[in-house]
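# Got a sequence here, can you model it:
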Amino acid sequence: MREDKQSCTLDENSPYVEYAVEILSLLADATRVRIILALRGGELSVNELAERVGKSGPAVSQHLAKLRMGRVVACRRDGTRMYYRLANEHARKLVADAVFQAEHALEAEPAHHRARAAGDGA
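As a prediction, this is how the structure comes out:
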């Protein structure tokens, strides 16, 4: 079974609900969403991320610290540089689905549906 086709087997009494709310709260920040979107392509340094998201290095480091505490990103040190990557594929999918939902809220025919339709015709 493909990962993206798996359904959630948890119910409303799941012990993970409270932690899921914490994760969603952690992601309720535009800079953090941009960081996750930037990390979809692979590992990046703090300076690379800062440039990509248009924020200062110290500001990005603060956001990364929070994402790291939530186990959304992981890091490694190489000399004096820190490199960050997504901790797993779920953050990537969660943010992508949130963006897709935003497209539904703002467009009659969301871009991800147009892209899918174009791919089906090929």
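# Could you list the residues in contact with stretch 45-57?
Contacts to stretch 45-57, defined as C-beta atoms under 8 Å, 6 or more residues apart in numbering, come from residues 31, 34-35, 38-39, 44, 59-61, 63-64, 81-84. Heads up, the C-betas are built off the backbone N, CA and C, glycines and all.
# Show me what counts as buried in that stretch.
Across stretch 45-57, burial judged by 16 or more other C-beta atoms under 10 Å covers S45, V46, E48, L49, A50, R52, V53, K55.
# what's the answer for stretch 88-101, then?
Buried, per 16+ other C-beta under 10 Å, within stretch 88-101: A91, R92, L94, V95.
# ditto for stretch 28-38
T31, R32, V33, R34, I35, I36, A38.
# I'd like the distance between the residue lying closest to L86 once chain neighbours are set aside and L26.
Spatial nearest neighbour of L86, chain neighbours left out: L39 (5.0 Å); criterion: C-beta to C-beta, 6 or more residues apart in numbering. According to C-beta to C-beta, to the nearest Å, L39 and L26 sit 15 Å apart.
# Give me the more crowded residue out of these two.
Ranked by neighbour count (other C-beta atoms under 10 Å), L39 and L26 place L39 first, with 23 against 17.
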